[in-house]
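In: After the sequence you'll find the predicted model.
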There are 2 protein chains.
Amino acid sequence: MPSDSRVLTAFDFGATRGDGCFDACRVLVTSQGKRVDHFDAHLKRFGESMKALDLPVNLNAWKTLIIDAVNAWDHPGEAVLKMVMTRGPEYGHQQIPAGWVTIVPMPDHSKARNGINVITLNRGYLAAGFKDSPWLLGGVKTTSYAINQAAKREAARRGADDAVFVSAEGCLLEGPTSGLIFAMNDQLWTTPTENTGILRSITVEAILNEAEAGGVAVNRKFITVDHISQQLLEGFWMVSAIRGVVPVLRVDDTEIPHNPGITQMLSEAGGFENGQ
Amino acid sequence: MPSDSRVLTAFDFGATRGDGCFDACRVLVTSQGKRVDHFDAHLKRFGESMKALDLPVNLNAWKTLIIDAVNAWDHPGEAVLKMVMTRGPEYGHQQIPAGWVTIVPMPDHSKARNGINVITLNRGYLAAGFKDSPWLLGGVKTTSYAINQAAKREAARRGADDAVFVSAEGCLLEGPTSGLIFAMNDQLWTTPTENTGILRSITVEAILNEAEAGGVAVNRKFITVDHISQQLLEGFWMVSAIRGVVPVLRVDDTEIPHNPGITQMLSEAGGFENGQ
């Protein structure tokens, strides 16, 4: 249906309470064919989000709907596939969840893929604050992203390209819409995700699994603002299924080294060959 | 228009990112006439939420729209008036915010108004974690309420009627959709709201202002889980514009004293006369 079709009621809990979940992945249409990056992993994570929100889980129906949408998509290049599910209307005879799938051409991320400057922003909580607190929805990809959106606006206001959330103890957590990979001591690092509220990034995991298979040591431990200010980092990348592998050139006032060879290696491991 | 009319597109940031704000107040239709409780204060707070989200603020247009809706409403008894604004569609020629007003008959809250049992739930952050961090949207009534909704489900799962969020230090913060009033040492208490992330409750403020005018001492300092477990509280109420003044009879495993005379006094100060 047309992109300006009205699909949600004014009483939908997704619209009034951010009470829903989503997932997003990349569709690539080239002369060699069409592919959806890590489709099964994104669908599985989408199902885990539904479960965490006590929404009904029917992944076979979603898979059929998504495959139909992808089959109908022929626009060459990269595209963003998004699946969204909400709890449905607050009032009415039955509370039936709402769900939809969209595919749109990807915005141009070529500039970001050459490197960005970021600011750190306090996320207000302790990195281990999510232990035994499932109602905090830590690591669940809900549609309640108002703080993530506000962080991006704050970054723009300060002339930066993106933000990185930092815990009350000074641990780097995640970007508003991306996971983190670091290089330090000739090894790769990413954030732990258990009990931390951090979304498990499928693209980060895919990249680091491939790096580990190639013999690179990978640490899943926090990098702190002290590592940054003491200039201990040898590289820093923000990673998402959509924007790909983005080198960070500066955090607040500290320049970060950039090794384009490692960026190329990480991009290829994530399926973003030749900047795609 | 009918309540099942479709009003939002699949690309609306309100639906995909919880990127919007709302406010809600009570409409009362009786044989004496019609009134909207604290309308100007709710409209003002709605405007403050818009401003915090960098949304355009045009309160005169909203006031006209809301008055039209109230004028068309004749259903006797209590009703819920809700105003919602989102950032509008992510894609399209122009990003025009979406806004709407709904009025529905109020659900029956008479049981809750006789008293409820609640559980405390960790909110994951420090009570002062919002200082100098406007991107955390502390005290802003955004539509990103997924955690609030999950907390209510957790309460129901444990056989309780509602939840109270507690900070990492053990301070009682607020309910998922209500503010807190306590009685201790023959005085009234409520939570401070500055830098704490707590929404400033218009109904709590109205009630406590009236109590202060009547000579009752009011403290705006945190009550902690220790005050509860040491049985120092002389009364506890959860307060919202919609559900009114609700006495809390039990917090986790601790019974809370209930003085119906104080409940009656607070209800009347909030405009909820005779249980209305």
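Out: Great, that's in hand.
In: In the sheet, which strands lie alongside the least confident helix or strand in chain A by mean pLDDT, parallel or antiparallel?
Out: The helix or strand of chain A with the lowest confidence, counting by mean pLDDT, DSSP states H and E, is strand A:6-9 at a mean of 89. Note on strand A:6-9: by DSSP bridges, its sheet partners are strand B:6-9 (antiparallel).
In: Identify each buried residue in the least confident helix or strand of chain A, please.
Out: By 16 or more other Cβ atoms under 10 Å in any protein chain shown, the buried positions in strand A:6-9 come out as A:7-9. The C-beta positions use only the backbone N, C-alpha and C, and glycine is treated the same way.
In: Stretch A:41-60 now?
Out: Buried, per 16+ other Cβ under 10 Å, within stretch A:41-60: A:41-43, A:45-50, A:52-53, A:55, A:57.
In: Of the residues you listed, just say which sits nearest to chain B.
Out: If you rank the buried residues of stretch A:41-60 by distance to chain B using Cβ to the nearest Cβ, residue A:53 comes first, at 7.0 Å.
In: Can you verify my assumption that the closest one contacts residue A:144?
Out: No - with contact defined as Cβ atoms under 8 Å, residue A:53 does not reach residue A:144; the gap is 10.3 Å.
In: got any residues that touch both of those two?
Out: Common contact partners of residue A:53 and residue A:144 (Cβ atoms under 8 Å, 6 or more residues apart in numbering or on different chains): A:19, A:137, B:146.
In: quick one, helices of chain A?
Out: Under the criterion DSSP state H, chain A contains helices at A:13-17, A:39-52, A:59-71, A:110-113, A:146-157, A:202-213, A:225-229, A:260-269.
In: Just list what the second one packs against, helices and strands only.
Out: The reference is to helix A:39-52. Here helix A:39-52 touches strand A:20-30, helix A:59-71, strand A:77-86, helix A:202-213, going by 3 or more Cβ pairs under 8 Å, 6 or more residues apart in numbering or on different chains; DSSP states H and E.
In: Quick one: closest of those to residue B:79.
Out: strand A:77-86 (24.2 Å; Cβ to Cβ).
In: Show me which residues of that closest one are buried.
Out: A:78-86.
In: List the strands paired with it, with their directions.
Out: strand A:20-30 (antiparallel), strand A:98-105 (antiparallel).
In: what angle separates that strand from helix A:39-52?
Out: Note on geometry: by axes from the mean of the first three to the mean of the last three Cα atoms, to 10 degrees, strand A:77-86 and helix A:39-52 are set 20 degrees apart in direction.
In: now the angle from strand A:77-86 to helix A:59-71?
Out: Relative orientation of strand A:77-86 versus helix A:59-71 (the same axes, to 10 degrees): 150 degrees.
In: So what's the gap between strand A:77-86 and the chain middle?
Out: In this view, strand A:77-86 has its centroid 12 Å away from the chain centroid, taken as Cα atoms, centre = their mean, to the nearest Å.
In: what about it, average pLDDT?
Out: The average of the pLDDT scores along strand A:77-86 is 97.
In: Can you list the low-confidence ranges for the stretch 1-150 of chain A?
Out: Low-confidence segments of the stretch 1-150 of chain A (pLDDT under 70): A:93.
In: How many residues are close by whichever residue of it sits closest to chain B?
Out: At 2.7 Å from chain B, residue A:18 is the closest residue in the stretch 1-150 of chain A, using Cβ to the nearest Cβ. Residue A:18: 29 surrounding residues under other Cβ atoms under 10 Å in any protein chain shown.
In: how much space between it and residue B:117?
Out: Applying Cβ to Cβ, to the nearest Å, the value for residue A:18 to residue B:117 is 27 Å.
In: what about the strands in the stretch 151-276 of chain A?
Out: With DSSP state E, counting those that start in this stretch, the ranges of strands along the stretch 151-276 of chain A come out as A:162-166, A:172-174, A:179-184, A:187-190, A:218-220, A:235-240, A:244-251, A:254-255.
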